[in-house]
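1. Just to be clear, the model below is a prediction. Sequence and coordinates:
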Amino acid sequence: MAGKHVRVTPEIAEQAVREIDWARIDAMTDEDIERQAAENPEAALIMAPAAIRAARVRHARRLSGLTQEEFSARFRIPLGTLRDWEQGRREPDAAALAYLRVIEREPEAVARALAPSVGHASERDGVLS
């Protein structure tokens with residue numbers, strides 16, 4: 001494919017993100033990435049890292065089947081923040097990425113953990129303990 005240009009549509013990008021083995025990617029070191037890129041230049045990233053992270057956030061939410069508003073409320077992520085992440089205006093930090101990974105893998109457990117318990121004063125006041 002050297003010398004050819006390919007138009008990557010949002011649909012193609014979303015499909016590519018769904019097919020990524022995130023566990024394998026997360027386990028790679030910078031040296032692994034550099035070695036693989038040197039061994040196969042055609043396999044280099046076609047999307048900027050920020051675009052991949054934005055697509056990953058959208059994918060995590062879409063897996064849940066929730067709208068942005070529902071996802072935001074259920075998992076206590078400010079709606080503006082979620083929109084900024086999904087549109088690539090801001091990037092989630094390491095803690096937020098880890099939280100999204102837990103939501104992807106155990107959404108019901110996260111929802112249960114965040115559900116208010118009856119009579120717990122700090123949760124009645126809107127403060128997580």
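-> Everything's here; your move.

2. How about the residue positioned nearest the centre of the chain: what's its closest non-neighbour residue?
-> Centroid check for the chain by CA atoms, centre = their mean gives V57 as the closest residue, at 2.9 Å. Nearest-residue entry for V57: W85, 4.4 Å, with adjacent residues in sequence omitted and distances by CB to CB, 6 or more residues apart in numbering. Bear in mind the C-beta positions are built from the backbone N, C-alpha and C, glycine included.

3. Next up, the contacts around the residue nearest to the centre of the chain.
-> Contact partners of V57, counting by CB atoms under 8 Å, 6 or more residues apart in numbering, are L82, W85, E86, P92, L100.

4. and it, what element?
-> helix 49-64 (DSSP states H and E).

5. next one: that helix to chain centre, how far?
-> Remark: helix 49-64 is offset 4 Å from the chain centroid, using CA atoms, centre = their mean, to the nearest Å.

6. Buried by neighbour count: which residues of the helix or strand that it is followed by qualify?
-> Later in the chain than helix 49-64, the nearest helix or strand by DSSP H and E is helix 68-75. Neighbour counts over helix 68-75 (16 or more other CB atoms under 10 Å) mark F71, S72, R74, F75 as buried.
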